[in-house]
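Student: could you look at this predicted model? Sequence included:
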Amino acid sequence: MTDPSLQNRYRECVRMLYSIAPSFQRVGVSGYHPGLESMTDFARFLGDPHKSLRTIHIAGTNGKGSVAHMLASALAFRYPGSRVGLYTSPHLVDFRERIRVVSSGKGPDGRHYREIGQEDVVDFMSRCMSFIEECRPSFFEITTAMAFDYFARERVDIAVIETGLGGRLDSTNIIVPELSIITSIGLDHKDILGDTIEKIAREKAGIIKPGVPVVIGELPPEAEAVAVETASSCGSRLYRSGELCGEDADPQSIASQADLRSSCQVRNIRTVMTSLHVLGAWDAASTEAVLYALEHAAAVSGLRGRWERLSMNPEVICDIGHNVQALSETMPQLEAEAAGRHIIMVYGMAGDKDVEAVRGLLPLEARYIFTQAQGSRAMPAGQLRELVDSSRRERGKADAGAADSVAVESVDEAVDMAMREAGTSDLVFIGGSSYVVAEAMARFLQKSDVPLQNSIETK
């Protein structure tokens, strides 16, 4: 049972964290601090905990979170008794989701992973408040420092570290890993990383370190050329996804059994398998354990928000994919999954996303409930409705918006409306933004004892 006093102190720490260092996810570019000087100073203040860690570093436009979760799960089961740190972002329901330790054994709650404790968050903020007030690190720098500090104190055997934005100037890039992974390259965050595939690739490839091997997923030709060039200049061996993998496992079969059936997840699994081979963590003796971990990564490490079913009656699916690269795969999957059923879309986007590029990918025939997550970064629901409905009319849906779309400012209200309208055979899809998905998840978890940090951090 959670100590009410501790929970209150934890909640206050999270409120304080968001008030003194607004996150990029909430406020956009103003919450982003490029460069490593501040992060290096913070790490030095803590005694450079990252230098005591064995790490794996993962960057990419899409897929880096899924690959991080699956790789941490696979390593935990490949080496029973080991403890694997896992640092990802953003969180969906509780801030502590960002920092986890994964193992093959189950805890008292039946989970294979344990999130950083509320007491650990409170202790870290107490120890670091003088530095935070004086040096004003960004939200992501604080959470990254917290992760390194926690993993060092927990003496994890290895830590899987996901970048935030980019790579070269990302706060996580003070580590020297045993393996670098670049999952994919697409046009996202163009205002920060550059307006071409090549420019974005150069930022992502910034995680490649001298002499450290690198695994790349299926990249556009111009992005792959940048990765190859960077690896060569660093004297780093580069492996392409699928390289080294024999006939002992089929990514498509693993994805199907894990209910991660999109083609992007098949590619992610292939990238994980290649990474395990490079690490020397895949052999005949361990294959069964590794396959189990990959197929059950959601249960082992807590992977959520990737084509996840929140309800079966009516069927409700959520997915955090939000850019062209992701939606070009999830939207055809949605229409195939619906198989003629009526689709109700609960959809919201961040205001800095390229709506023009993605609106033509959304289903033509559907009931749309446009909405917006809390925080200043969200695109107003009414504006998104106008943009998407105009695209649907251009594509042949002459009456789009007349009676089949509505703008609702609250995600809770939008989800409730969808659930009231949906018949038992209908399919409800929630997406467009990780924060829309997060607030929807919180709505479905309202009766649990999980602190709903999204509602806290945006008040």
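Tutor: Received, thanks.
Student: mind listing what the residue nearest the centre of the chain touches?
Tutor: Central residue of the chain (CA atoms, centre = their mean): residue 65, 4.2 Å from the mean position. Contacts for residue 65 (CB atoms under 8 Å, 6 or more residues apart in numbering) come out as 88, 162, 303, 306. (Each C-beta comes from the backbone N, C-alpha and C, glycine too.)
Student: domain ranges for the protein, per the record?
Tutor: Annotated domains of the chain cover 4-301, 308-457 [automatic domain parsing].
Student: is it possible to export those to TSV including mean pLDDT?
Tutor: As requested, the domains of the chain are exported to TSV (pLDDT from 0 to 100):
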stretch	mean pLDDT
domain 4-301	89
domain 308-457	87
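Student: if you count contacts, what does the host helix or strand of residue 345 end up packed against?
Tutor: Using DSSP states H and E, residue 345 sits within strand 343-347. Counting by 3 or more CB pairs under 8 Å, 6 or more residues apart in numbering; DSSP states H and E, the packing neighbours recorded for strand 343-347 are strand 367-370, helix 411-421, strand 427-431, helix 434-444.
Student: including mean neighbour count and distance to residue 131, could those go into JSON lines?
Tutor: Compiled in JSON lines, the helices and strands packed on strand 343-347 are given as follows (neighbours: other CB atoms under 10 Å; distance: least, CB to CB, whole Å):
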{"stretch": "strand 367-370", "mean neighbour count": "24", "distance to residue 131": "42"}
{"stretch": "helix 411-421", "mean neighbour count": "19", "distance to residue 131": "35"}
{"stretch": "strand 427-431", "mean neighbour count": "25", "distance to residue 131": "38"}
{"stretch": "helix 434-444", "mean neighbour count": "24", "distance to residue 131": "28"}
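Student: residue 185: which of these is closest?
Tutor: helix 434-444 (19.4 Å; CB to CB).
Student: what sits up against the closest one?
Tutor: 25, 90-93, 304-305, 310-311, 316, 318-320, 322, 346-350, 371-375, 378, 411-412, 415-416, 430-431, 452, 454-455.
Student: how far off centre is it?
Tutor: 14 Å (CA atoms, centre = their mean, to the nearest Å).
Student: can you check stretch 233-247 too?
Tutor: 24 Å.
Student: one more: stretch 84-101?
Tutor: Worked out by CA atoms, centre = their mean, stretch 84-101 lies 9 Å from the chain centre.
Student: what's the answer for stretch 6-19, then?
Tutor: 23 Å.
Student: kindly report the same for stretch 196-211.
Tutor: Between the centre of stretch 196-211 and the centre of its host chain there is 19 Å, according to CA atoms, centre = their mean.
Student: output it as CSV, nothing but the C-alphas.
Tutor: Provided in CSV are the C-alpha atoms of stretch 196-211 (Å, rounded to 0.1, in the frame of the first residue of the first chain):
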residue,chain,number,x,y,z
THR,A,196,15.8,17.4,-44.9
ILE,A,197,16.3,13.7,-44.3
GLU,A,198,20.1,14.2,-44.6
LYS,A,199,20.2,17.0,-42.0
ILE,A,200,18.0,15.0,-39.6
ALA,A,201,20.2,11.9,-40.2
ARG,A,202,23.3,13.9,-39.3
GLU,A,203,21.8,14.8,-35.9
LYS,A,204,20.7,11.2,-35.2
ALA,A,205,24.1,9.8,-36.3
GLY,A,206,25.6,12.0,-33.7
ILE,A,207,25.2,9.2,-31.2
ILE,A,208,27.8,7.1,-33.1
LYS,A,209,31.0,7.0,-31.0
PRO,A,210,34.6,6.1,-32.1
GLY,A,211,35.1,2.3,-32.2
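Student: just the CA atoms of stretch 240-258, as CSV, please.
Tutor: The C-alpha coordinates for stretch 240-258 follow below in CSV (Å, rounded to 0.1, in the frame of the first residue of the first chain):
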residue,chain,number,x,y,z
ARG,A,240,22.2,-3.2,-41.2
SER,A,241,19.0,-4.6,-39.7
GLY,A,242,18.7,-8.2,-40.5
GLU,A,243,22.4,-8.7,-40.9
LEU,A,244,23.8,-11.7,-38.9
CYS,A,245,20.3,-13.1,-38.3
GLY,A,246,19.9,-16.7,-39.4
GLU,A,247,16.8,-18.8,-39.7
ASP,A,248,16.3,-19.4,-36.0
ALA,A,249,13.6,-16.7,-35.6
ASP,A,250,11.0,-15.0,-37.8
PRO,A,251,10.3,-11.3,-37.0
GLN,A,252,6.8,-11.5,-38.6
SER,A,253,5.9,-14.5,-36.4
ILE,A,254,7.2,-12.8,-33.3
ALA,A,255,5.3,-9.6,-34.1
SER,A,256,2.1,-11.6,-34.6
GLN,A,257,2.4,-13.5,-31.4
ALA,A,258,3.1,-10.3,-29.5
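Student: buried ones in that stretch, by neighbour count?
Tutor: 240-241, 245, 249-251, 254-255, 258 (16 or more other CB atoms under 10 Å).
Student: which residues touch the nearest residue to residue 220 once chain neighbours are set aside?
Tutor: Once flanking residues are discounted, residue 220 sits nearest to residue 197: 5.3 Å by CB to CB, 6 or more residues apart in numbering. Neighbour list for residue 197: 185-187, 220, 222-223 [criterion: CB under 8 Å, 6+ apart].
Student: closest one to residue 46 out of those residues, please.
Tutor: The closest of these, once distances to residue 46 are taken by CB to CB, is residue 185, at 32.3 Å.
Student: count of neighbours near residue 334?
Tutor: For residue 334, the count of nearby residues is 22 (other CB atoms under 10 Å).
Student: what do you get for residue 306?
Tutor: If we define neighbours as other CB under 10 Å, then residue 306 has 25 of them.
Student: quick one, helices of the stretch 1-150 of the chain?
Tutor: Assigned by DSSP state H, counting those that start in this stretch, the stretch 1-150 of the chain shows helices spanning 4-20, 24-27, 37-45, 64-78, 118-135, 139-154.
Student: among those helices, which is the most enclosed?
Tutor: Comparing the helices of the stretch 1-150 of the chain on average neighbours per residue, with mean count of other CB atoms under 10 Å, the densest one is helix 64-78 at a mean of 28.
Student: distance between that helix and the chain's centre?
Tutor: Worked out by CA atoms, centre = their mean, helix 64-78 lies 13 Å from the chain centre.
Student: now do stretch 290-305
Tutor: Distance, centroid of stretch 290-305 to centroid of chain: 14 Å (CA atoms, centre = their mean).
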